[in-house]
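Chemist: Take this sequence and fold it.
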Amino acid sequence: MELAKVYEQYKSLNNQLQTYLEKFIATEEVTCDQIKPTLEDVQDGIEYLLNRTSELTVDEAHEGDLKDLKYLITDTLFLLMDLINFCNHNELGRCQMRAINYLGKRKRVEVFGQ
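Modeler: Residues are numbered from 1 along each chain as shown. Just a heads-up that it's a prediction; the model follows:
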C-alpha cells in the first residue's frame, strides 16, 4: 500500500530530523549557517512527501490515516519553516527553543499516545 510507504518514509526522515535536532541542541559551538543547509534539505524531503500524499487515493477505511499523515507532515513542515526563518534572522536561541519544544511534543506523543 502506497500510504504505508509514504508513512515509513516520513517516519524515517522525521527520526533523522529528531536525532539531528538533539545533536544541535547539545552542541554549544554551532551557528545558524551550519545548521540551515541541513534544515533546508530535510524541508525539501518533507515537501516531497506532502506532495505525494496529495496524489494518493485511499479507500474510505484509510481516509483517517491519510488525514493523520498529512497532519504529521504539515506539523514537521511548519517546524522546519520556523527553524529556517529563525536562522535567516540569526536567532539561534529561538531556533533552539523551538527545536526543544518540538522534541518535547514528540516525546509526549510516544509516552502518552496523544
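
Chemist: From Gly45, how far out is Ala4?
Modeler: As for Ala4, its distance to Gly45 is 18 Å (criterion: C-beta to C-beta, to the nearest Å). In this view, the C-beta of every residue, glycine as well, is placed from N, C-alpha and C.

Chemist: Mind checking which of these two has more residues around it?
Modeler: Gly45 (18 against 11; other C-beta atoms under 10 Å).

Chemist: Spit out the contact partners of that one.
Modeler: Neighbouring residues of Gly45 by C-beta atoms under 8 Å, 6 or more residues apart in numbering: Leu13.

Chemist: shift numbering so it begins at 38
Modeler: Okay, residue one is now 38; in that scheme the one you just asked about reads as Gly82.

Chemist: Burial check on Leu76, number of neighbours?
Modeler: 24.

Chemist: Give the next helix or strand downstream of the helix or strand where it lies.
Modeler: Per DSSP states H and E: Leu76 is located in helix 69-92. The helix or strand immediately downstream of helix 69-92 is helix 100-125, counting by DSSP H and E.

Chemist: Tell me what angle that following helix forms with helix 69-92.
Modeler: For helix 100-125 against helix 69-92, the angle by axes from the mean of the first three to the mean of the last three C-alpha atoms, to 10 degrees is 160 degrees.

Chemist: Tell me how far the residue positioned nearest the centre of the chain lies from Cys69.
Modeler: By C-alpha atoms, centre = their mean, the chain has its centre lying nearest to Thr113, at 3.0 Å. Note on Thr113: its distance to Cys69, by C-beta to C-beta, is 19 Å.

Chemist: what about this structure, any weak spots by pLDDT?
Modeler: 145-151 (pLDDT under 70).

Chemist: if you set the cut-off to 90 instead, what comes out?
Modeler: In the predicted model of the chain, residues 38-39, 64-66, 93-96, 98-99, 141-151 satisfy pLDDT under 90.

Chemist: Next one: the residue lying closest to Met118 once chain neighbours are set aside relative to Phe123, how far apart?
Modeler: Distances taken as C-beta to C-beta, 6 or more residues apart in numbering place Gln80 nearest to Met118, at 7.3 Å, with adjacent residues excluded. From Gln80 across to Phe123, the span is 13 Å (C-beta to C-beta).
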